[in-house]
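Engineer: fold the following and give me the result.
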Amino acid sequence: MAWTKKLTQLNDVLSDLVPNKDGITKYVKASGLKPQYIDTSGNAMDVWSNVLSEADKNSKVDELVKSVLDTYPDNQFLKSALFAKEIDFSVAPDIDDTSDWQNVSEETLEVLTMEQSTLLPVNFLAKGIQKSKSVGKVEIKIGSNKYSVGTGFLFKINGIKELFFLTNFHVINDKKYIEKTRIIFDYELDIDGNSMPSRSFKIDPAGPWYCSEIKEYDTTIFRLIDDSNTLGEYGWIELKEVEIFKNDFVNIIQHPKGEMKQISLYHNIVTHTNDRVVQYLTDTLKGSSGSPVFNSDWEVVALHHSGGGNKEEEPALPEGIKSRNEGIFINKIIQFVKENHKN
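Structural biologist: Numbering: from 1, shown residues only. As a prediction, this is how the structure comes out:
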């Protein structure tokens, strides 16, 4: 099965409409699929993904869409999915179109065969855990049972006393969403695999609000309310100007799809840099926007903001690697903060 953009977006839409996996079975049966052939483990989004895979395999995607349309007859996303033409009905901006993606070169592909050492001191792990404390989930309520999600992190810059929180402009960019937004820390598993007690904070509406649009730095910066004086438990990441080069390694701490905090540590090669962006093969998903991109010394080198599939003119990627991602070079964001804060 070729998992298309249309199926990906259908998965998002169906998961929003039917977020309880117990309610999915009736649509499976109505579309002529056999429930016993579908894996129902995981969350609703996982189950819908399995349902769509089975429907596509049996040429019953349209029947599945029609069965859900019986319940949601006015849903324009479902209606558009019945057309043969693949329609992009994503709510989020297509950031891929704003990026000047660079070819993944043969030089980089050779690095992926492990011609470059990936050995690190064991304290790399402890340092990463420490940095991860400052990374939080951004959750914005946009409907009665619908949320927009992203990632962000607490930071300071030398010479400025203010403690800021940083995420993407395309995650939140309008003050009207401040009251509907929570920043959640410790949304993760402990060493035994149990959920940790998380804590959420609200945005300070009277604090700094620095925004840079998608085509510039895709950045929103603000302060959090800390009435209980507990924000200090999460520390902060000190941002400083750095250098980053092609073939360097980068790691991303993130909340992919709004899930518990995760880290990507495999095939993390930088494929291109310039004075605005850093592009890399490090894994991310929807919801990872606003994550800190770290080098091997746990210095932030970029603010992750977008991703895209391999372009036709690029060399083929190794098996198992399907796309590359992009972040805004952190030096630009540091300059942006300094220019705005002094004003």
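Engineer: now the spatially closest residue to Ser148 that is not a sequence neighbour: which helix or strand?
Structural biologist: Closest residue in space to Ser148, ignoring its immediate chain neighbours: Ile140 at 4.4 Å, by C-beta to C-beta, 6 or more residues apart in numbering. Any C-beta I mention is one placed from the backbone N, CA and C, and that applies to glycine too. Using DSSP states H and E, Ile140 sits in strand 135-143.
Engineer: how much space between the residue nearest to Ser148 and Ile334?
Structural biologist: Distance, Ile140 to Ile334, using C-beta to C-beta, to the nearest Å: 26 Å.
Engineer: more neighbours: which of these two?
Structural biologist: Set Ile140 next to Ile334 and count neighbours by other C-beta atoms under 10 Å: Ile334 wins out with 19 against 16.
Engineer: what residues of the helix or strand that the more buried one is a member of count as buried?
Structural biologist: Taking DSSP H and E as the definition, Ile334 sits inside helix 330-341. Judged by neighbour count (16 or more other C-beta atoms under 10 Å), helix 330-341 contains these buried residues: 330-334, 336-337.
Engineer: of all these, which comes closest to Leu166?
Structural biologist: The shortest approach to Leu166 among the buried residues of helix 330-341 belongs to Ile333, at 7.3 Å (C-beta to C-beta).
Engineer: need the contact list for that closest one.
Structural biologist: Taking C-beta atoms under 8 Å, 6 or more residues apart in numbering, we find Ile333 in contact with 166, 212, 217, 219, 239, 303.
Engineer: ok, which pair from these is furthest apart?
Structural biologist: Using C-beta to C-beta, the contacts of Ile333 span at most 14.9 Å, a distance reached by Ser212 and Leu239.
Engineer: which of those two has more residues huddled nearby?
Structural biologist: Ranked by neighbour count (other C-beta under 10 Å), Ser212 and Leu239 place Leu239 first, with 23 against 20.
Engineer: now the helix or strand harbouring Leu166, how far from the chain's geometric center?
Structural biologist: Using DSSP H and E, Leu166 falls within strand 160-167. Relative to its parent chain, strand 160-167 has a centroid offset of 21 Å by C-alpha atoms, centre = their mean, to the nearest Å.
Engineer: what angle do that strand and helix 330-341 make?
Structural biologist: 120 degrees (axes from the mean of the first three to the mean of the last three C-alpha atoms, to 10 degrees).
Engineer: and the angle for strand 160-167 with strand 135-143?
Structural biologist: Taking the same axes, to 10 degrees, one finds strand 160-167 and strand 135-143 inclined to each other by 60 degrees.
Engineer: quick revisit: give me the subset of the contacts of Ile333 that lies in strands.
Structural biologist: Judged by DSSP state E, the subset of these located in strands is 166, 212, 219, 239, 303.
Engineer: give the bridge partners for the residue nearest to Ser148, please.
Structural biologist: Taking DSSP bridges as the rule, Ile140 bridges to Ser148, Thr181.
Engineer: now swap in Gln262 and tell me
Structural biologist: Gln254.
Engineer: any idea of the pLDDT on it?
Structural biologist: Note for Gln262: predicted pLDDT of 91.
Engineer: just Lys175 next, same as before
Structural biologist: Reported pLDDT for Lys175: 95.
Engineer: ok, it touching Pro205?
Structural biologist: Yes: here Lys175 lies in contact with Pro205, judged by C-beta atoms under 8 Å, at a distance of 6.9 Å.
Engineer: quick one, strands of the stretch 51-200 of the chain?
Structural biologist: Ranges of strands within the stretch 51-200 of the chain are 135-143, 146-157, 160-167, 181-185, 199-201, based on DSSP state E, counting those that start in this stretch.
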